[in-house]
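Novice: Here's my sequence, what's the structure:
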Amino acid sequence: MALFKVENTKIVGVSGAIPKNEVSNNDLEGLTRQEIDLLIKTTGIENRRVANNAICASDLCFSAAEKLLEELQWDKNEIEVLVFVTQTPDYPIPGTSMILQDRLDLPKSCMTIDINQGCAGYVYGLSVITSMMSSGGIKKGLLLVGDTITKLIDKGDNSVAPIFSDAGTATAIQFDSSAEEMVFNLQTDGSGFEAIIVKEGGARNQKIEGGNKMRMRGHDIFAFALKEVLPNINSVIEHADANKDQIDYYIFHQANKLLNESIRRKMRIDSSKVPYTLNKYGNTSCATIPLTLVSELSEEARNKALNLLISGFGVGLSWGSALVKISDIVCPELIEEE
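Specialist: Predicted coordinates:
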């Protein structure tokens with residue numbers, strides 16, 4: 001497993017943006033009232049945010065980044081790296097990180113990287129940008145993480161449509177030689193790549209009838225997460241020489257309530273330490289962790305130091321956890337995009 005520490009970097013701000021368009025699972029077609037009630041109870045998802053055709057993940061991340069940079073009062077010319085994590089890029093070619101560099105009016109000296117990652121995307125992206133900044137002495141960086149995953153979903157498929165939502169986030173990271181170290185544990189099992197897949201659009205399968213919609217084997221994902229996530233988290237805590245009581249909040253990828261609660265109970269964590277945004281925003285893919293921080297913990301994040309355990313798991317199959325300490329960060333109110 002990739003278990004490692006990153007020094008000299010700290011998170012100084014997190015922001016998020018969601019589509020204004022709200023959809024309720026109470027209005028699902030093709031299901032009885034009893035089936036809808038059971039779905040909402042097991043997934044924890046009652047409402048979702050769905051982007052219109054004109055809004056892409058990059059638009060949501062752009063709005064989140066602009067607001068964050070404004071409140072941080074950062075000089076854009078000092079930003080040296082931008083990492084964009086998504087499964088829904090603007091185009092197959094070129095990478096969307098390059099487009100965002102231009103839209104945000106960042107300098108030509110800013111390097112850009114695109115990462116194709118989903119459920120574990122925020123943890124993976126954070127590990128990449130902080131490692132680069134730590135080893136290279138890069139002073140300021142932006143991690144943009146988001147998806148408009150609903151564009152890949154058949155709205156008549158009640159196995160996936162009631163679960164997924166759209167969101168974009170921005171995280172500002174700064175080099176600081178006195179910063180608390182971050183501890184990461186990243187893992188992959190590509191043998192399960194077909195558990196969540198969109199088959200059309202890549203070089204292997206360019207045209208498959210009905211293949212441009214996401215397909216998910218939910219039972220496989222559930223079994224995988226129950227088996228792999230807990231040992232991954234425990235390894236991070238052990239490697240950091242920490243204990244569960246020292247962690248203020250566990251921010252899990254917002255997969256579904258039944259799965260996340262199963263993990264929480266296995267870890268014997270008090271429910272007050274595990275915030276949720278599932279009911280309000282559904283599963284926003286790679287954006288769930290920072291979105292939950294902005295939505296549920298912004299007041300505390302602005303005013304005190306917090307020890308966070310973040311954990312993402314799913315598509316790939318990939319999963320990863322990190323111990324991250326934040327203190328008095330800039331955390332603007334959640335943005336709603338028309």
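Novice: Low-confidence stretches in the stretch 51-200 of the chain?
Specialist: The stretch 51-200 of the chain contains no residues with pLDDT under 70.
Novice: Would you mind measuring from Ile326 to Phe4?
Specialist: 19 Å (CB to CB, to the nearest Å). Every residue, glycine included, has its C-beta placed from N, CA and C.
Novice: okay, the two: which has more neighbours?
Specialist: Neighbour totals were compared for Ile326 and Phe4, and Ile326 leads with 22 against 14 (other CB atoms under 10 Å).
Novice: so that one, which of the three states?
Specialist: strand (DSSP: H, G, I helix; E, B strand; the rest coil).
Novice: and it, what are its bridge partners?
Specialist: Leu306 (DSSP bridges).
Novice: quick one, what contacts it?
Specialist: Lys10, Ile11, Ala301, Ala305, Leu306, Leu308 (CB atoms under 8 Å, 6 or more residues apart in numbering).
Novice: Give the ChimeraX command for selecting the buried subset of the residues you listed.
Specialist: Per 16 or more other CB atoms under 10 Å, the buried members of these correspond to this ChimeraX selection:
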select :10,11,301,306,308
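Novice: Now tabulate the contacts of Ile326 in CSV and tack on pLDDT and distance to Lys151.
Specialist: Formatted as CSV, these follow (pLDDT from 0 to 100; distance: CB to CB, whole Å):
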residue, pLDDT, distance to Lys151
Lys10, 97, 34
Ile11, 98, 29
Ala301, 94, 30
Ala305, 94, 38
Leu306, 96, 34
Leu308, 97, 30
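Novice: unless I'm mixing things up, Met216 is touching Ser159, no?
Specialist: Yes. The pair Met216 and Ser159 qualifies as a contact (CB atoms under 8 Å) at a distance of 6.7 Å.
Novice: more crowded one of these two?
Specialist: Met216 (19 against 12).
Novice: mind listing the helices for this protein?
Specialist: 33-43, 57-72, 96-103, 121-136, 218-239, 257-267, 278-281, 288-303 (DSSP state H).
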